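Student: got a sequence here, can you model it:
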Amino acid sequence: MSSIRYVKSNDSTKVGVERQGHTLARSDIEAALASLPSHVSQHLSSTGRESLDFLVANLPDQEHVIWLASAAPKSYNVNEFHCLLALTDRRLLFVAPSPQVLSWALPTVTKVQALSGSANKVETFFINDSGGGEFQLGADAEWGPVFAAHAKRAVAEAILRNT
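Tutor: So this is what the prediction gives:
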């Protein structure tokens, strides 16, 4: 994966982040990107770049990204990953380039499931919450189930910590 450095701009006339150098200004996101399979890293550094930029520029410094996944707003008739899923120490996030963000506090998540398949194929990623919400997004068919397993564990740990 080719690395990119994201730096929050101090210039209020500039929106988003600037790309410079070879590392991320946020070590948590850099570590999450480094742990991804190469094809998922490619999704996030190409078609998912705008979503990643938005996450880097706007996620509070106190909230730490643990895992990332390439995503899509739906699983049918989609061939590209313009969105991302982020698992933080507090929330499960879906970020789209619109920009649009869906957020679930970890203890409110009641179901996380991903259909499996081959790499670079979009398959359904399910998220249900305690408020009755049922969401069907798209995720990479190979990495989505791995990401879902990490999310399930994080949800269980959050519930046990009562956070």
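
Student: helices of the chain, residue ranges please.
Tutor: Counting by DSSP state H, the chain has these helices, from start to end: 27-34, 38-45, 49-58, 144-161.

Student: now those helices in TSV, with distance to Ala119 and mean neighbour count?
Tutor: C-beta coordinates here come from the backbone N, C-alpha and C atoms, glycine included. Conversion of the helices of the chain to TSV gives the following (distance: least, Cβ to Cβ, whole Å; neighbours: other Cβ atoms under 10 Å):
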stretch	distance to Ala119	mean neighbour count
helix 27-34	17	16
helix 38-45	5	20
helix 49-58	19	20
helix 144-161	10	17
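
Student: to Val112, which of these lies closest?
Tutor: Among the helices of the chain, helix 144-161 comes nearest to Val112, with 4.5 Å by Cβ to Cβ.

Student: and the closest one with helix 38-45, angle?
Tutor: Here the directions of helix 144-161 and helix 38-45 differ by 80 degrees (axes from the mean of the first three to the mean of the last three Cα atoms, to 10 degrees).

Student: report how many residues lie close to the closest residue to Lys74 other than its chain neighbours.
Tutor: Leaving aside its sequence neighbours, Lys74 sits nearest to Gly138 (Cβ to Cβ, 6 or more residues apart in numbering; 5.6 Å). Close neighbours of Gly138, defined as other Cβ atoms under 10 Å, add up to 26.
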